Structure formats: structure tokens, C-alpha cells
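Engineer: Mind looking at a prediction? Sequence and model below.
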Amino acid sequence: MTLADVAYAPELTSHDAEIEEINAEAFGPGRFTRAAHRIREGGPHARDLSFVATENGHVIASVRLTPIAVGEGKAMLLGPLAVRPSWKNLGIGRKLMGMAADAARARDVRAIVLVGDAPYYGPLGYVQVRPGTMTMPWPVDPARLLVMELVPGAAAALNGMVVHEDAARA
Ligand SMILES: CC(C)(COP(=O)(O)OP(=O)(O)OC[C@H]1O[C@@H](n2cnc3c(N)ncnc32)[C@H](O)[C@@H]1OP(=O)(O)O)[C@@H](O)C(=O)NCCC(=O)NCCS
């Protein structure tokens, strides 16, 4: 069980059950009441921009992106990101974050938003959302609402309530 045994791949439907287990282990039942979860309930995630790490065919880490609308602007919401406890601190989370960002950039996504720990995500390029611009459908600590621009200046277009892109079209 070493990093050499870890493979990275785009997410498939066959990974769903193991991803659910990993998220349950990482976040517990409270995950269903989180603001980001409420948004994700509005429609499907972007499976082609979501990635897993596997070992021996089993998922050991996962990251997902979900399309969102923020006022007139569009972006991706990142999360959940979770790594199985015995595989933490080996760079797997960072690697998945990089894969998701590269894939999003290649698909002309302009910005990625997430709710998470700034000390972890800051070095990966995320900064705090400018207060008063984005409104989440559930209270969020403003220090944890982060954005990374894939196109310089893209965050300026993200003004208003954050909803799943499908909910914005409805
Ligand atoms: C947070 C998480 C995704 C990180 O993935 P990982 O593969 O273990 O982390 P990486 O190997 O990419 O990075 C490890 C580094 O991040 C740091 N780190 C890990 N979690 C952190 C956190 N919550 N805040 C700040 N730093 C953190 C580690 O201390 C380590 O620092 P070092 O490189 O200076 O030693 C993983 O620990 C996890 O699944 N945690 C439970 C679920 C969770 O909290 N998800 C993120 C929501 S904020």
C-alpha cells in the first residue's frame, strides 16, 4: 500500500457507492445540512470534471465539481473533496484538486467556488470571496467561502445567490 499503487481517473457511475462511503466517513450525517450540499441537491454534478484516486480498483479519494450560477455569472462548485484516512497527507487531495482545476480550465470554466479550510485551499490558489457578493442558501462562515479565478477577473461576475445551474434555468 504505497503511492505507487495509486491511480487517478475520471469518475464513473461505478464509483458512486464507494464515493458515498468515503464522504460519509469524512463528513458524517452533518454533510446533508451543509450549504454546499443544498446547492448540489439542485441537479447533477459534472461527472466529466470529477475525479477519483483508486488503489487496487477501489476508490480511496474523490473530488467533484458541480455547475452553479451566481446571479448572471457561471462557475463550478468544488466538493466534496475527501481522502480515506489511511491515505491522508500523501498529496492525493492536492493532486485531485489540480486535476479538477485543469479539466475545468480546459472546458472554459471561469472560476471555481468552494466552502472549506482556507489554510488548505489557499496554497492551491483559492482566496476568500469578497464579502457581500455571493449569498449561499444556508449560513456559511465567510472565511470559508473561497474562490479561484481560472480567468483573471472572473469572480467579479459572481454576484448574487448561489444555485445549481439547473435551478437557475428552471
Ligand atoms: C482535507 C483533505 C481532503 C486533504 O487531503 P490529503 O490528501 O490528506 O492532503 P494533501 O496530502 O493534499 O495535503 C496535506 C497537507 O495539507 C494539510 N492539511 C490537511 N487538511 C488540512 C486542513 N483542513 N486545513 C489545513 N491544512 C490541512 C496537511 O497538514 C498537509 O500539510 P503539509 O503538506 O504541510 O504536511 C483530507 O484530509 C480529508 O479528506 N479530510 C476530511 C474531509 C475534509 O475535511 N475535506 C475538505 C473540506 S475542507
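Structural biologist: Everything's here; your move.

Engineer: strand partners of the helix or strand harbouring residue 80, parallel vs antiparallel please.
Structural biologist: Per DSSP states H and E: residue 80 is located in strand 73-83. Strands that pair with strand 73-83, judged by DSSP bridges, come out as strand 58-70 (antiparallel), strand 111-115 (parallel).

Engineer: How about the most centrally placed residue in the chain, nearest residue that isn't a chain neighbour?
Structural biologist: Geometric centre of the chain, nearest residue: residue 78, 1.6 Å, by C-alpha atoms, centre = their mean. Distances taken as C-beta to C-beta, 6 or more residues apart in numbering place residue 114 nearest to residue 78, at 4.1 Å, with adjacent residues excluded. C-beta coordinates here come from the backbone N, C-alpha and C atoms, glycine included.

Engineer: List the residues that contact that neighbour.
Structural biologist: If you count contacts by C-beta atoms under 8 Å, 6 or more residues apart in numbering, residue 114 has them with 36, 77-79, 81, 121, 126, 146-147.

Engineer: Might you name the residue of the protein sitting closest to the ligand?
Structural biologist: Relative to the ligand, the nearest point of the chain is residue 93 (2.4 Å; C-beta to the nearest ligand atom).

Engineer: What separation is there between that residue and residue 137?
Structural biologist: 26 Å (C-beta to C-beta, to the nearest Å).
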